[in-house]
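S.K.: kindly generate the corresponding structure for this input.
(one chain, ligands or ions: 1)
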Amino acid sequence: MGKKNKEKVILFCDGKKCCKYNAEVKECFKDLVKEAGLKDTVSVQKMKCQGLCKQAPIICIHKNECVGKVSAKDAKRLFEKHIA
Ligand code: FES
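M.R.: Just a heads-up that it's a prediction; the model follows:
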């Protein structure tokens with residue numbers, strides 16, 4: 001935490017609605033990062049409500065690839081596609 005130049009970033013919406021649904025996915029991403037040994041290159045951060053609450057939970061990768069209704073399964077797929 002606190003390091004500025006990690007190469008990749010996974011952003012979690014920290015708004016009320018998403019928070020209700022994203023606990024599992026968040027853990028899943030953290031585990032994936034750890035397992036892949038990428039803790040130094042990938043940061044997991046919070047972001048504000050994206051106005052897409054109907055799609056909760058919202059995850060963005062690299063700030064531009066945003067996905068809604070993310071499940072633990074999607075997390076794995078997204079991780080493999082964009083991060084690993
Ligand atoms: S709370 Fe996540 S998009 Fe609004």
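S.K.: for V44, the count of nearby residues, please.
M.R.: For V44, the count of nearby residues is 18 (other C-beta atoms under 10 Å). Backbone N, C-alpha and C define where each C-beta goes, glycine included.
S.K.: return the helix or strand in the chain with minimum mean pLDDT.
M.R.: strand 65-67 (a mean of 91; mean pLDDT, DSSP states H and E).
S.K.: could you check that one against the ligand for contacts?
M.R.: No - shown here: strand 65-67 not in contact with the ligand (C-beta under 6 Å from any ligand atom), separated by at least 9.4 Å.
S.K.: that strand - contacts with which helices or strands?
M.R.: Packed against strand 65-67, as judged by 3 or more C-beta pairs under 8 Å, 6 or more residues apart in numbering; DSSP states H and E, are the following elements: strand 59-61.
S.K.: next up, the contacts around V67.
M.R.: Residues near V67 by C-beta atoms under 8 Å, 6 or more residues apart in numbering: I58, I59, C60, I61, D74, L78.
S.K.: tell me the residues of this structure that contact the ligand?
M.R.: C13, G15, K16, K17, C18, C49, Q50, G51, L52, C53, A56, I58.
S.K.: and with 8 Å instead?
M.R.: Residues of the chain lying near the ligand by C-beta under 8 Å from any ligand atom: 13-19, 49-53, 55-58.
S.K.: list only buried entries from these.
M.R.: The neighbour count (16 or more other C-beta atoms under 10 Å) marks 13-15, 17-19, 50, 52-53, 55-58 as buried among these.
S.K.: report the two of the residues you listed separated the most.
M.R.: Taking C-beta to C-beta as the measure, these span a maximum distance of 15.0 Å, between D14 and Q55.
S.K.: any idea how far K39 is from K30?
M.R.: Noted for K39: a distance of 9 Å to K30, by C-beta to C-beta, to the nearest Å.
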